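>>> fold the following and give me the result.
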Amino acid sequence: MVRQECAYGKAMIPLLHEPYLPLLRQALLSATPPGAKIAVDVGCGDGTKSRWLRANCAAEALVIGVDRDVAAVQAAAATIIGIVGDAGALPLRDSCVDLIWCVAALALFTDRQRALAEMRRVLRPAGVLVIATAGSYWVRLRQHPPSLLTSLPPTIPLPPADGLGEEWTLLLTKAGFQDPQMRAYLLDGDDPAQAALINSADLAQYLGSPLVVGPIAEPEPRPLLLVVSAHR
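Coordinates of the predicted model:
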């Protein structure tokens, strides 16, 4: 496995704002089943990303944003129902939520395991949690044939190579979540943003194309967006 480092805290926040918002929105929605009737945005901030969540839910869905920052919750209340609260003690009853987003927030929580336990508690059986984070990771970029790249969709439902982001899937598994699915996106690369992070064999199998293995670069630190989803 390639050595990995991730920059958390304030260093990751700019990577989840402009000019990366279109990619973040696309990545989040690709990992999120549509039509939720009750959804929660944990660490909602001013509600910018909560608007994407609402648009993905059922027409009459109840969408709730939870954040410790009173001013942020007041701003978010223009879009969703804002609640001032702590992720470690969510002000919601057991098994009442279909879907949870936690965008650029989990890495900032003092007790991530407690926050995840709370999210699992309020999710209904088979409910979905979607987490997004960003930072600098050591990666080995893959070079694929142009003919393979032109056939790829904007979002590729395949995990990255080299166990990239494995610490996040392990974190969710430890918290009791099922079937975590990881997606990784280059924040400073060419489109499609995932391709250079995925094994050639996986891409060829996904597209039903002949396998052509391109060169693999030496490890280098690059800014990435990671999105992981899992079921209760």
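>>> what are the contacting residues of the worst-scoring helix or strand of the chain on mean pLDDT?
Ranking every helix and strand in the chain by mean pLDDT, DSSP states H and E puts helix 146-149 at the bottom, with a mean of 83. For helix 146-149, contacts defined as Cβ atoms under 8 Å, 6 or more residues apart in numbering pick out Pro192, Ala195, Ser200, Leu203, Ala204, Leu207, Ser209, Val212. All C-beta atoms are positioned from the backbone trio N, CA, C, and that covers glycine.
>>> spatially nearest residue to the fifth one (excluding sequence neighbours)?
Distances taken as Cβ to Cβ, 6 or more residues apart in numbering put Leu211 closest to Ala204, at 4.3 Å, once the chain neighbours are dropped.
>>> quick one, what contacts the one you found?
Leu211 makes contact with Ser200, Ala201, Ala204, Gln205 under the criterion Cβ under 8 Å, 6+ apart.
>>> who wins on neighbours among the residues you listed?
Ser200 (21 neighbours; other Cβ atoms under 10 Å).
>>> where's Pro180 relative to Asp41, distance?
For Pro180, the distance to Asp41 (Cβ to Cβ, to the nearest Å) stands at 20 Å.
>>> quickly find the element holding the closest residue to Leu15 other than its chain neighbours.
Excluding the flanking residues, the one nearest Leu15 by Cβ to Cβ, 6+ apart is Ala134, at 3.7 Å. Assigned by DSSP states H and E, Ala134 belongs to strand 123-139.
>>> circling back to that earlier point, contact partners for the residue nearest to Leu15?
Shown in contact with Ala134 (Cβ under 8 Å, 6+ apart): Met12, Leu15, Leu16, Tyr20, Ala104, Leu187, Pro223, Leu224, Leu225, Leu226.
>>> distance of the third one from Ser95?
Think Leu16. Distance of Leu16 to Ser95, given as Cβ to Cβ: 29 Å.
>>> the two: who's more crowded?
Using other Cβ under 10 Å as the criterion, Leu16 and Ser95 rank with Leu16 on top: 20 against 13.
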